[in-house]
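Student: Need coordinates for the following:
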Amino acid sequence: MTKKEFNPNDWLKDKQPNIQFETTTENTVKEVNNQKDNDIEEILQRVEAKSIDIANAYSDWRDIGFAFADEFGESGREYFHRISRFYADYSAAVCDKQYDKCLKAHGNGVTIKTFFHLAKSAGVNIKTTVSKEESDETRLYNTPPLPAEVYANLPEILKESTDLFQDNIEKDVFLVGAISVIGACLPNIEGIYFNEPHSAHLYSFITAPAGSGKSKLKWAKYFGSIIHETIVETSKKDKACFESELEHYNNLSKKERQDTERPQEPPQKMFYIPANSSSPAFIQALSDNNFCGVIFETEADTLANTFKQEWGNFSDVLRKAFHHESTNMFRRKDNEYIEIKDPHLAIALSGTPRQVHNLMPDVENGLFSRFLYYAFEDHTEFKNPFKSFRPVNYLDFFTEKGNQIFELYNQLNRLQNPISFELTEAQGDEFTKVFNEMLSRNKLLLGRDFEANVKRLGLVTFRIAMILTALRILENGDLSNPLICSDTDFNSALKLATTLEKHAIAVYQNLPNNELKGIKQKYYEALPEQFDRQTYLKVAEDMDIKPKTAEKYITQFKKSLLTHEHNSYAKVKSGK
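Tutor: Next up is the predicted model:
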């Protein structure tokens, strides 16, 4: 075997390898598709059945050696040989020498997860190695990044902002969060969807294991920061004025008070509403803010823990606010009735898979289907924290972008009448075609539980198109009424939606009791674009799916997802 040899101690001292820095405790193997528990031996058998070299580079091969040495010690040598022998220039002697060096390099930081990741990347059906403590925390999300074409066609303010980030995941996390925040910064723009007016407010959830790179979401908050600071400062001045007037009123004589109206305490307004608010406080905040606001929280457990309290569960308010449905509350203590009319709420959350479960343990109550999801697992190497991709002060940069959004917010706020956002007739037809196909596909693959997600994703896509179109006002100053969506922004919104649909499916499949429901979906995705009976049975075998079950799935797929002629099958292309 001629793969490059190396001294592990030199590597550990002088190099920054492409490894995953993880601390392992007692490990347990949990299968992604919820089949019978299997061990690494079965994964090795799947690799051998495919006769593939899963190590595309020397560093991959080296890290597999480290992983087996860390997990099994000397007994991992046989596994290392079995993996290595599919390399064209395999040599047993070189392989042994390599493994000896890996055994000597204790505490290298590479765990057995690296083997699972490389096997998965090579197309092998895998099981996820996680600690018992973190079994719900580290699910593998096989999700695609947002298309490069979307970034090429973004409005300038978003293009300039996303260009600051080097990695695709960082760009995606920021963009999804930014869309949520900006959607709440566009007063007096609305569009008609199923005969009802809708603003651009939407809900998003960034989910990934701890330490995976969700932190870039925080920069999206700056788009609304100047708005928030201005509203809060104005509210403080109003409060100070009220207190001064109240003091003057209290100093009046009894007779003077009879002819003077008592000052009314002004509402305490804000743009960002704290996620840890009690239910009465949250409803009061919406009421004080003219029924508008944003929940922005980088730790979703803050909201989930609030929901667990007797005083804090306002999940029903969030569900209603998504569709601008009115809600109300009666406070017995103050004998006060509060009605929230036509609420407009945006939400941007991030958290781990477990935090998704804590907030939305199932799909039954409808909150799950109201969110746009971006789910990922980060496999990038540890980066040098002292080198910048762009020599820019992020704080100054995003503060300036917040000022631009603030100017747009004020410009729209001064309008006498709302601007009507519209799609063209051709866009409406294409929109309907894409979502009809999406609905049919997901009904077949996932059943009716995911149907609400698809239908609400249609509304979210309409809102995304509205946001992209509104941001063009910063470039061209066009305040036409109606405001017509360009084909560029329409196509970008569709591409975002059809990509994020896959993320929603991944999150859905990781909810408790939903893994088994996703097996049909995973089987369909594992099939090549064109195949025959022998191929689909082989794919089923690799996934531990019985032949009769595979044939049943293929029969169902032929209804709308496959074309079939003799012994040849081909996947039907989706609209976008």
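
Student: centroid residue for the protein?
Tutor: Nearest residue to the geometric centre of the chain (Cα atoms, centre = their mean): residue 374, 1.6 Å.

Student: what is that one paired to in the beta sheet?
Tutor: In this entry, residue 374 is beta-bridged to residue 206, by DSSP bridges.

Student: residues contacting it?
Tutor: Going by Cβ atoms under 8 Å, 6 or more residues apart in numbering, residue 374 touches 143, 172, 173, 176, 204, 205, 206, 207, 500, 503. For the C-beta atoms, the positions are set from N, CA and C on the backbone; glycine is no exception.

Student: try residue 350
Tutor: For residue 350, the contacting residues are 173, 177, 205, 206, 207, 214, 217, 297, 298, 299, 300, by Cβ under 8 Å, 6+ apart.

Student: What subset of those residues is buried?
Tutor: Neighbour counting by 16 or more other Cβ atoms under 10 Å classes 173, 177, 205, 206, 207, 214, 217, 297, 298, 300 among the contacts of residue 350 as buried.

Student: how much space between residue 160 and residue 306?
Tutor: The gap separating residue 160 from residue 306 is 36 Å, by Cβ to Cβ, to the nearest Å.

Student: With residue 551 instead?
Tutor: Counting by Cβ to Cβ - residue 551 and residue 306 are separated by 49 Å.

Student: wait, isn't residue 405 in contact with residue 225?
Tutor: No - if you go by Cβ atoms under 8 Å, residue 405 and residue 225 don't touch, sitting 9.1 Å apart.

Student: and residue 537, what does it touch?
Tutor: Residue 537 is in contact with 547, 550, counting by Cβ under 8 Å, 6+ apart.

Student: Am I right that it falls within a helix?
Tutor: Yes - counting by DSSP: H, G, I helix; E, B strand; the rest coil, residue 537 is located in a helix.

Student: How about residue 475: what's its closest non-neighbour residue?
Tutor: What sits nearest to residue 475 in space, not counting adjacent residues and going by Cβ to Cβ, 6 or more residues apart in numbering, is residue 156, at 5.6 Å.

Student: Can you list phi and psi of that neighbour for me?
Tutor: phi -50, psi -40 (degrees, to the nearest 10).

Student: Please work out how many residues are found near it.
Tutor: For residue 156, the count of nearby residues is 12 (other Cβ atoms under 10 Å).

Student: So it sits against residue 474, correct?
Tutor: Yes - Residue 156 lies in contact with residue 474 (Cβ under 8 Å); the separation is 7.1 Å.

Student: pLDDT below threshold where in the stretch 401-550 of the chain?
Tutor: Scanning the stretch 401-550 of the chain for pLDDT under 70 picks out 513-518.

Student: Quick check: longest helix in the chain by residues?
Tutor: Across the chain, the helix with the greatest residue count (assigned by DSSP state H) is helix 225-250.

Student: That helix - contacts with which helices or strands?
Tutor: helix 394-413 (3 or more Cβ pairs under 8 Å, 6 or more residues apart in numbering; DSSP states H and E).

Student: Local confidence estimate at residue 400?
Tutor: We have a pLDDT of 98 for residue 400.

Student: How many residues are close by it?
Tutor: Burial of residue 400 is recorded as 11 neighbouring residues (other Cβ under 10 Å).

Student: Distance-wise, check it relative to residue 544.
Tutor: From residue 400 to residue 544 the distance is 54 Å (Cβ to Cβ).

Student: Give the rounded mean pLDDT of stretch 117-136.
Tutor: 63.

Student: now do stretch 141-156
Tutor: 92.

Student: how far out from the middle of the chain is that stretch?
Tutor: 13 Å (Cα atoms, centre = their mean, to the nearest Å).

Student: Now tell me what touches that stretch from outside.
Tutor: Residues outside stretch 141-156 that contact it (Cβ under 8 Å, 6+ apart) are 120, 159, 162, 168-169, 171-172, 175, 208, 374-377, 468, 471-472, 474-475, 488-489, 491-492, 495-496, 499-500, 502-503, 506-507, 510.

Student: In ChimeraX, how would I select the buried members of those residues?
Tutor: Entered in ChimeraX, the line below selects the buried ones among those, by 16+ other Cβ under 10 Å:
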select :120,162,169,171,172,175,208,374,375,376,377,468,471,472,489,491,492,495,496,499,500,502,503,506,507,510
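
Student: Other residues contacting the strand or helix carrying residue 45?
Tutor: Here residue 45 sits within helix 40-50, counting by DSSP states H and E. If you take Cβ under 8 Å, 6+ apart as the criterion, helix 40-50 is touched by 29, 54, 79, 82-83, 86, 112, 115-116, 119, 122-127, 542.

Student: just checking, next helix/strand downstream of it?
Tutor: Per DSSP H and E, the first helix or strand lying C-terminal to helix 40-50 is helix 58-72.

Student: Distance from the chain centre to that following helix, please.
Tutor: Chain-centre distance of helix 58-72: 31 Å, with Cα atoms, centre = their mean.

Student: Quick one: mean pLDDT for that helix?
Tutor: For helix 58-72, the mean pLDDT works out to 86.

Student: tell me what that helix is packed against?
Tutor: helix 77-84, helix 92-104, helix 113-121.

Student: I'd guess residue 349 is in a helix, am I close?
Tutor: No - using three-state DSSP, the assignment for residue 349 is strand, not a helix.
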